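Visitor: Kindly return the folded structure for what I paste below:
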Amino acid sequence: MESPVSKAYNPMNRRQILRNGTLGTLGLLASQSFQTARAQGRILGANDKIRIGIIGFSDRLNSSLLPAMKSLMAEFNCEFVGVSDLWSIRRDEAKAYFTKHFNQDIATYRNNEELYEKAKPDAVIISTADFQHALHAIEAIEAGCDVYCEKPFAETMQDARAALKVVKASDRILQVGSQRRSGPGYHAAYDFLKAGKFGPIVAAEMTWNVNQPGRWRRIAAVAKLKQEDTDWKRFLCNRPDDKFDPRKYLEYRLFWPYSSGIPGQWMSHQIDTVHWFTGLPHPRSVVANGGIYQWKDGRSNWDTMTCVFDYGPLDDPSSGFQVTFGSRNSNSAGGTKEIYYSNGGELNLATNQITPNGGMSKKDAADMGMEANLLAATNLEAPAAIATSANTGADELTTAHMRNWLECIRSRKQPHAPVEAGYQHSIATIMSNAAARTGERVTFDEKTQEVMAGGKVFHL
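Guide: As a prediction, the model looks like this:
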């Protein structure tokens, strides 16, 4: 007799559901299958091993996430029990990687259903294509697993709402890969702002510039990928039918609707700090401009982008502040920075310094009969290095974020970047993508939880 878990993960059933992709359908599936899957999952004891599965053997995984995990596994009593990847070559690479770096003959699986049914992990790390993250998180929660899910959390509101609903209805720990939330410097900045010492935020400036011709290109791998060695239909999940394209499969960050590119990959990290620091769940509006100015290689996602956000209380349009985000892939001057401004100075998250830079001078205050409010120069926690290269290694922020996830698997406390953080940054990135693709000033409908462009719901 087929078990309820294996029935819930019947490949044809799953594929049909993800293709139809309605919130009601996904919610219904969750209510039907989650309780059964969770009931069959074992509750970890204090001395039990955490059995971890991997969903997607990606560059990000083997260059950063796995090195971070390797440094933590003994302390938290973890073991890897399997890798799921659709492409046979990636499965071979996973075996070679684990043999070399973990001295382990890792089991590999052709798809997630096989992993859940045969390896029976307690937790999974999701590092698949951008548009798959939310859908794979739903699968993992339904299988009774705790989840570390790479960002962006979702690239459409439909997927974001479905995943939020399933995670919130569960007792599973989900950590979104917004690793700034585990950085000591960022926590120090949060505490400073919450203490009221900075004053009201009047603006924030965010930048992410690189000059890497090969960024997001996978030329050698594209040449190796053959349709018969993977499962293209399963890869598409709930995206529109399309003919097999190895570039879209491996260089998905360059192509919508498989990724929004710059917003989902980079802006999602920085805009998340706005929501965290202020408690505001999303922008009130977004406009965007940019284009493909340098890398004319067939991509559809921009290589240069500027977004302007309006943030503030939804019931008080006269109060708020502006956030600007700029990114280019053709010149790295300016690097990566995040600077918050008040009338009395600035908070620079690249240096973790509070300074009176740009604040209202004593003379100007006196001329207007006002009290001077210049900030005192203050050093916060030393900032963690912000890596912008494709192969970052086990950087400090990623390791700290992984540590927090494992701690929460043990304690069952909420992690630094719970599902709400992923949902909120997804709203901002989807709004930015909508503004880029429609040329409209984009807003968010609180009642329907939809991104609105030109008075219409933004869809694929």
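
Visitor: What are the boundaries of the strands in the stretch 201-350 of the chain?
Guide: 201-209, 285-291, 304-311, 321-328, 336-342, 345-348 (DSSP state E, counting those that start in this stretch).

Visitor: show me the contacts for the residue sitting nearest the centre point of the chain.
Guide: Taking CA atoms, centre = their mean, the centroid of the chain lies closest to K151, which sits 1.5 Å from it. Residues near K151 by CB atoms under 8 Å, 6 or more residues apart in numbering: 133, 176-178, 264, 268-269, 422, 425. Yep, even glycine has a C-beta here, placed from its N, CA and C like the rest.

Visitor: for those, which one is nearest S88?
Guide: Closest approach between these and S88, by CB to CB: H133, at 22.7 Å.

Visitor: so E114 sits in a strand?
Guide: No. In this structure, E114 is helix, not part of a strand, as judged by DSSP: H, G, I helix; E, B strand; the rest coil.

Visitor: pretty sure Q179 contacts W405?
Guide: No. Counting by CB atoms under 8 Å, Q179 does not reach W405; the two are 10.3 Å apart.

Visitor: what's the farthest-apart pair in the contacts of K151?
Guide: It's H133 and H269 that sit farthest apart of the contacts of K151, by CB to CB, at 14.3 Å.

Visitor: So for those two, which sits in the more crowded spot?
Guide: Neighbour count, other CB atoms under 10 Å: between H133 and H269, H133 has more, with 30 against 22.

Visitor: Check which element follows the helix or strand containing the more buried one along the chain.
Guide: Using DSSP states H and E, H133 falls within helix 133-142. Sequence order places strand 146-149 as the next helix or strand after helix 133-142, per DSSP H and E.

Visitor: who touches that following strand?
Guide: 65, 122-126, 133, 136-137, 140-141, 172-177, 402, 405, 409, 422.

Visitor: Take those and keep only those in strands.
Guide: Under the assignment DSSP state E, these contribute 123-126, 174-176 to strands.

Visitor: quick one on the thing from earlier: ok, so of the contacts of K151, who is nearest R234?
Guide: Nearest member of those to R234, counting by CB to CB, is H133, at 15.3 Å.

Visitor: rewinding a little: could I have the ChimeraX command that selects the buried members from the contacts of K151?
Guide: Written as a ChimeraX command, the selection of buried residues from the contacts of K151, which uses 16 or more other CB atoms under 10 Å, is:
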select :133,176,177,178,264,268,269,422,425
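
Visitor: between the contacts of K151, which is nearest N289?
Guide: Looking across those and measuring by CB to CB, the closest to N289 is G264, at 17.9 Å.

Visitor: Not counting its neighbours along the chain, what's nearest F80?
Guide: Nearest in space to F80, with sequence neighbours left out and distances taken as CB to CB, 6 or more residues apart in numbering, is I52 at 5.3 Å.

Visitor: where's that neighbour, which helix or strand?
Guide: Using DSSP H and E, I52 falls in strand 50-55.

Visitor: list the helices and strands that strand packs on?
Guide: Contact partners of strand 50-55 among helices and strands, from 3 or more CB pairs under 8 Å, 6 or more residues apart in numbering; DSSP states H and E: strand 78-84, strand 123-126, helix 396-411.

Visitor: What residues of the second one count as buried?
Guide: Just to be clear, that refers to strand 123-126. Applying 16+ other CB under 10 Å to strand 123-126 flags 123-126 as buried.

Visitor: and what of the last one?
Guide: Using 16+ other CB under 10 Å as the test for burial, helix 396-411 gives 396-409.

Visitor: swap in the first one?
Guide: Neighbour counts using 16+ other CB under 10 Å place 78, 80-84 of strand 78-84 among the buried residues.

Visitor: State whether D48 and E79 are indeed in contact, as I suppose.
Guide: No. With contact defined as CB under 8 Å, D48 does not reach E79; the gap is 10.6 Å.

Visitor: Helices of the stretch 201-350 of the chain, start to end?
Guide: 219-224, 232-236, 246-250, 262, 268-278 (DSSP state H, counting those that start in this stretch).

Visitor: And these: which comes nearest Q322?
Guide: helix 268-278 (10.9 Å).

Visitor: contact partners of that closest one?
Guide: 151-153, 178-181, 186, 189-190, 193, 201, 204, 206, 208, 280-282, 309, 311, 323, 325, 338, 340, 349, 417, 421, 424-426, 428-429.

Visitor: Following the chain onward from the longest helix anywhere in the chain, which element is next?
Guide: Longest helix in the chain, counting residues (DSSP state H): helix 419-438. For helix 419-438, the following helix or strand on the C-terminal side (DSSP H and E) is strand 442-445.

Visitor: Can you tell me the strand partners of that following strand and which way each runs?
Guide: Strand 442-445 has the following strand partners under DSSP bridges: strand 285-291 (antiparallel), strand 450-453 (antiparallel).

Visitor: right, so those: which one is the most enclosed?
Guide: strand 450-453 (a mean of 21; mean count of other CB atoms under 10 Å).

Visitor: What's the mean pLDDT across that one?
Guide: Here strand 450-453 scores 98 as its mean pLDDT.

Visitor: before we move on, what about stretch 85-103?
Guide: pLDDT averaged over stretch 85-103 gives 98.

Visitor: what residues does it touch?
Guide: 54, 56-57, 62, 66, 70, 80, 83, 104-106, 108-111, 221, 224-225, 229-231, 234-235, 249.

Visitor: Any of those residues buried? List them.
Guide: 54, 56-57, 62, 66, 70, 80, 83, 106, 108-111, 221, 225, 230, 234-235, 249.

Visitor: Remind me what whatever helix or strand K165 lives in packs against, helices and strands.
Guide: K165 is part of helix 157-168 when elements are defined by DSSP H and E. For helix 157-168, the elements it packs on are helix 23-40, helix 133-142, helix 419-438, judged by 3+ CB pairs under 8 Å, 6+ apart.

Visitor: picking that back up, take the helices of the stretch 201-350 of the chain and write them to TSV, including distance to A377 and mean pLDDT.
Guide: Putting the helices of the stretch 201-350 of the chain into TSV (distance: least, CB to CB, whole Å; pLDDT from 0 to 100) gives the following:
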stretch	distance to A377	mean pLDDT
helix 219-224	48	98
helix 232-236	52	98
helix 246-250	48	98
helix 262	33	98
helix 268-278	20	98
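
Visitor: most tightly surrounded among the ones you listed?
Guide: Taking mean count of other CB under 10 Å, helix 262 is the most buried of the helices of the stretch 201-350 of the chain, at a mean of 28.

Visitor: Pull the distance from it to the chain's centre.
Guide: Distance of helix 262 from its chain centroid, counting by CA atoms, centre = their mean, to the nearest Å, is 12 Å.

Visitor: How about A129, nearest residue that isn't a chain neighbour?
Guide: In space, A129 is closest to Y252, 4.6 Å off (CB to CB, 6+ apart).

Visitor: The closest residue to V167 other than its chain neighbours: what's it in contact with?
Guide: With CB to CB, 6+ apart as the criterion, V167 has its nearest non-adjacent residue at 4.2 Å, and that residue is V419. Going by CB under 8 Å, 6+ apart, V419 touches 153, 163-164, 167-168, 174, 176.
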